[in-house]
Structures are given as C-alpha cells and as structure tokens.
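Novice: Let's see this in three dimensions:
(chains A and B)
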There are 2 protein chains.
Amino acid sequence: MNEYAKSKINRVKRGHNRATYDVEKINSILDAGFLCYVGYIYEGNPITIPMAYANKNDKVYIHGSTANRMLLSILESKKTSITITHLDGLVLARSGLHHSVNYRSATLFGSLKKIENDIEKTKILGSIVNQMMPNQWDSLRPMYQKELDRTLVLEFTIEKASAKIRDVGVIDEPEDYKLPIWAGVVPIKQVAEFPISDKGIPSKMDIPKHILDYYDQNK
Amino acid sequence: MNEYAKSKINRVKRGHNRATYDVEKINSILDAGFLCYVGYIYEGNPITIPMAYANKNDKVYIHGSTANRMLLSILESKKTSITITHLDGLVLARSGLHHSVNYRSATLFGSLKKIENDIEKTKILGSIVNQMMPNQWDSLRPMYQKELDRTLVLEFTIEKASAKIRDVGVIDEPEDYKLPIWAGVVPIKQVAEFPISDKGIPSKMDIPKHILDYYDQNK
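Specialist: Numbering: from 1, shown residues only, chains lettered A, B, ... in the order given. I've put the predicted structure just below:
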C-alpha cells in the first residue's frame, strides 16, 4: 500500500480511526470532485477560498486571473493547503453526541509552481473544464492568446496528505440501543437537474451527448 | 439595507460585481447549510476544516471535543474565518474562459468566545443538531453531564463578512454567441435519499415524521 508519510502537519489527531494516508484512496476523493477549498493567510488571518481544480497523479491544478490576490499570495508565500470534501450522509443517532455525518475529506500540503508554457497551460485549463464536465473542452471555441496571457495556472505538488472517511452507520452508546428512539442514516448526494440551454444563435441546437450523459449519470 | 462595513479584510477584489455585504443575504446563505469550513493556522500553514455549525442572528456556533487541537488553537489565537458555500449549477459557456459555476458563498470574520454555561451549551448543541435535521433534538436521549463536560462549544460573533453570489446564465464574448457550440447551465443540488433505519431495538420502529418530512423536502 502506497501511503503519504505521516508528519506533524498531516497526522490526524481527532478521530484517527477514520484517518487514511493511502495515496489511492486520497486520489479517489480528488477524482470525485472539481471544487476545492484553498487556504491562504491574509494579514495574519486564515481565509478559505472555493476554487475549481483538476488533479492528476500527485498534482492538483488551480487557476485564476493573473491579478488574483490570493493566488499571487500563496505562490509567493508557499503557505497554503487544499481541502476537498464530499458529504455522503446524515448520521442520526439516539443521542446528540453521536450525531455525525458520513463524508470523505482530504487535506493536501505541498509546493506550488507557476505554469509558464502556453501549451501546458492550455492543456491544464482543458483538464479543469473537463473535471467539471467530462469531454467538454474539445467542444469549445479555442482559447485566444490574450485569454491565456491573463490566466494564471498553478501546479500544486502533493507532498503530504491525509484523509478522513466515515462511511458506516450509527454508533451509539451500548445502553442506548434499547431506547424507543429512531436512529439511522439519511444518504446525501449531489445531483444534476436537466440542462437549461442558453439563448443565442443557433437557438435550436440540441444538447450534446456528453452533457446529456453527465445528466443521466448524476440525476 | 443593513450591510457589513467594508474593510481591507472582507472587501471582495475579484468579481466585485457579484459581491454583497448585505446582512440578510449573508444570513440566508448561512441558514441554507449546516457544514462550514473553518480556517486556522497550524505552524504557519493555513488549514481548512469542515465542521457542523448553527447560526442565529450575528452568531455562528461550532463545537468539538475539549481536546480538539484546532478549536483550542483558534480560541487562543483569535485567528480564523468561516466559509460557507453552496454549489447551484455548472455554467457551460462557448469558451473555456467563461466557464463558471453558480454558487452562494459567504466568508465571515469575527471574534470567538467559549460558552461556559451548561444550559446555554446544551441549547446550542441542540441548535447544531437541528440545523442538520430540523426538529431532531427533542426526539433524542438527553445529554449526560459527562458528555457536556467533554464538549467544547464556541460562539463566533460575525464582525465583518462578505458573500459572492452568481445566479445568472452564460455570459460569453459578444462574437461567440453565433458559434455552433451549445451553451447552458446544468443546475446542481444536494438531495436526500430515503432514510436507512439502524438495526437495534426496537427494530420495527417507524421513521419519525420530521425525518420523512426532511426527505420529502429534499429528495
């Protein structure tokens, strides 16, 4: 089993029985999303910013405007982390203390690099779009050079990581199971509703197959 | 209109046309969720932790074990912020640059206080459970004193805040509307699946009305 080394920064202290450092499990959490939470420090305060991402192997890519205060700040300071969380269920126990949620959450620590090469930048931006909507990039108008020039693409190499996964039912105090109180799990998931076509020309264009496929797989 | 004062820390720099400081709009983002992202600084690095919360007026309540490293750290340092985000849709434009998401995201800055009074603590813990599942707390076994004693409840008073809301369709370059490329929005929402009853005694207990109501309203 391939694992991230445990060190002070990524070792899970609370609920360590739910912790994992397994590279494959952590990658599967990243594969399952496209929205991450990036931490940065602004004037001594930690701030969390939701951003789109793409991941491949031990890399996570994020992007923004070349004037983006937060991206420029973390590129310079090297102080950041990335968190990706999926909520899977509400765990309703017989006591308040044992209420919980089922979830998969990964926290990543690593180093940042600016991508300078235009071909590489374009490919990464395509992968960010495709992580949100598979097979979307090739259907689009190609990027203009001026668009590429004002886009900052950062490559984050995962050096340390940990994840917490809870995917079991209710765990109550032994003596509480006999109480006349309902307990159980309400599964939660994120779904897509039917795509709403934009007005514009041509106005009667069919919804492409890859978008209908996404809807079918996520409805 | 009641607004949070703009200052250096909460003024939105990127996409300021989507920014709001309106107290009522920000409260409505908080009301719509129960999972927040709390930022803290650990050995110079910003880390983001997902946590349950409850909100009321200008307060946000979070909780954890009295041994929780992160809660104790932010209580002492006073350096934290809270982010709450709802994803509402994928915005699929005709060019990569104009891909976006519809979302509601609030970032809160403020001061933290530990709640010491047991009656107040219990009431707040009830509100955290009820924010996840309305009307749940009164159906549970009351908390033991020893459970309360090992639970840390923090009150965060919102002093500064901002939100970004995107809730419109595709915005493309004027010349791109004529391209033979589909564009539109795929609405995204979080839903509940049918509750799964825990094994235990009594085993044939009906699912309570307030949980079926939640399912009906979120399926």
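Novice: Alpha carbons of the biggest helix by length in chain A, in PDB - could you do that?
Specialist: The longest helix of chain A (DSSP state H) is helix A:118-132. C-alpha atoms of helix A:118-132 as PDB (Å, rounded to 0.1, in the frame of the first residue of the first chain):
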ATOM      1  CA  ASP A 118       1.400  28.100 -23.100                       C
ATOM      2  CA  ILE A 119       0.800  24.500 -24.500                       C
ATOM      3  CA  GLU A 120       1.000  23.100 -21.000                       C
ATOM      4  CA  LYS A 121      -1.200  25.900 -19.600                       C
ATOM      5  CA  THR A 122      -3.900  25.300 -22.300                       C
ATOM      6  CA  LYS A 123      -3.800  21.500 -21.600                       C
ATOM      7  CA  ILE A 124      -4.300  22.100 -17.900                       C
ATOM      8  CA  LEU A 125      -7.200  24.600 -18.400                       C
ATOM      9  CA  GLY A 126      -8.800  21.900 -20.500                       C
ATOM     10  CA  SER A 127      -8.400  19.400 -17.800                       C
ATOM     11  CA  ILE A 128     -10.000  21.800 -15.200                       C
ATOM     12  CA  VAL A 129     -13.000  22.300 -17.600                       C
ATOM     13  CA  ASN A 130     -13.200  18.500 -18.200                       C
ATOM     14  CA  GLN A 131     -13.000  17.700 -14.500                       C
ATOM     15  CA  MET A 132     -16.300  19.700 -14.000                       C
END
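Novice: Can you spell out which helices and strands pack onto it?
Specialist: Packing contacts for helix A:118-132, counted by 3 or more Cβ pairs under 8 Å, 6 or more residues apart in numbering or on different chains; DSSP states H and E, involve strand A:45-52, strand A:54-56, strand A:59-65, helix A:145-149, strand A:151-166. Glycine gets a C-beta too; all of them are placed from N, C-alpha and C.
Novice: ok, the shortest one: who's next to it in the sheet?
Specialist: Listed by DSSP bridges, the sheet partners of strand A:54-56 and their directions read strand A:59-65 (antiparallel).
Novice: mean confidence score for the strand it pairs with?
Specialist: Model confidence over strand A:59-65, given as mean pLDDT, is 98.
Novice: how much does that strand deviate in direction from strand A:151-166?
Specialist: Using axes from the mean of the first three to the mean of the last three Cα atoms, to 10 degrees, one finds that strand A:59-65 and strand A:151-166 are set 130 degrees apart in direction.
Novice: quick one: average confidence on the longest helix of chain A?
Specialist: For helix A:118-132, mean pLDDT is 98.
Novice: how's chain A carved up into domains?
Specialist: Annotated domains of chain A cover A:16-188, A:191-219 [automatic domain parsing].
Novice: now the helices and strands packed on helix A:118-132 as a markdown table including mean neighbour count?
Specialist: Output for the helices and strands packed on helix A:118-132, formatted as a markdown table (neighbours: other Cβ atoms under 10 Å in any protein chain shown):
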| stretch | mean neighbour count |
| --- | --- |
| strand A:45-52 | 22 |
| strand A:54-56 | 20 |
| strand A:59-65 | 20 |
| helix A:145-149 | 12 |
| strand A:151-166 | 20 |
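Novice: and residue B:71, which of the ones you listed is closest to it?
Specialist: Distance to residue B:71, taken as Cβ to Cβ, is lowest for strand A:45-52 among the helices and strands packed on helix A:118-132, at 13.8 Å.
Novice: okay if I get the helices and strands packed on helix A:118-132 as a markdown table plus distance to residue B:10?
Specialist: Formatted as a markdown table, the helices and strands packed on helix A:118-132 follow (distance: least, Cβ to Cβ, whole Å):
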| stretch | distance to residue B:10 |
| --- | --- |
| strand A:45-52 | 10 |
| strand A:54-56 | 29 |
| strand A:59-65 | 19 |
| helix A:145-149 | 30 |
| strand A:151-166 | 23 |
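Novice: Nearest to residue A:31 among these would be which one?
Specialist: Closest to residue A:31 of the helices and strands packed on helix A:118-132, according to Cβ to Cβ: strand A:54-56, at 6.8 Å.
Novice: The closest one: how far from the chain's middle?
Specialist: 10 Å (Cα atoms, centre = their mean, to the nearest Å).
Novice: Could you do stretch A:92-103 as well?
Specialist: Relative to the centre of its chain, stretch A:92-103 is centred 24 Å away, using Cα atoms, centre = their mean.
Novice: Strands along chain A, start to end?
Specialist: Here chain A has its strands, by DSSP state E, at A:19-20, A:35-42, A:45-52, A:54-56, A:59-65, A:81-92, A:100-114, A:151-166, A:184-192, A:196-197.
Novice: wait, which of those is closest to residue B:85?
Specialist: Closest of these to residue B:85 is strand A:45-52, at 4.8 Å (criterion: Cβ to Cβ).
Novice: so that closest one versus strand B:151-166, what angle?
Specialist: Taking the same axes, to 10 degrees, one finds that strand A:45-52 is oriented at 50 degrees with respect to strand B:151-166.
Novice: Over strand A:45-52, what's the mean pLDDT, rounded is fine.
Specialist: 97.
Novice: likewise stretch A:149-157?
Specialist: 98.
Novice: Same question for stretch A:194-206.
Specialist: Taken as a whole, stretch A:194-206 has a mean pLDDT of 83.
Novice: Is chain B within reach of that stretch?
Specialist: Yes - under the criterion of Cβ under 8 Å from any Cβ of the partner chain, stretch A:194-206 makes contact with chain B via A:194, A:195, A:196, A:197, A:198, A:199, A:200, A:201, A:202, A:205, A:206.
Novice: This completes my enquiry, with thanks.
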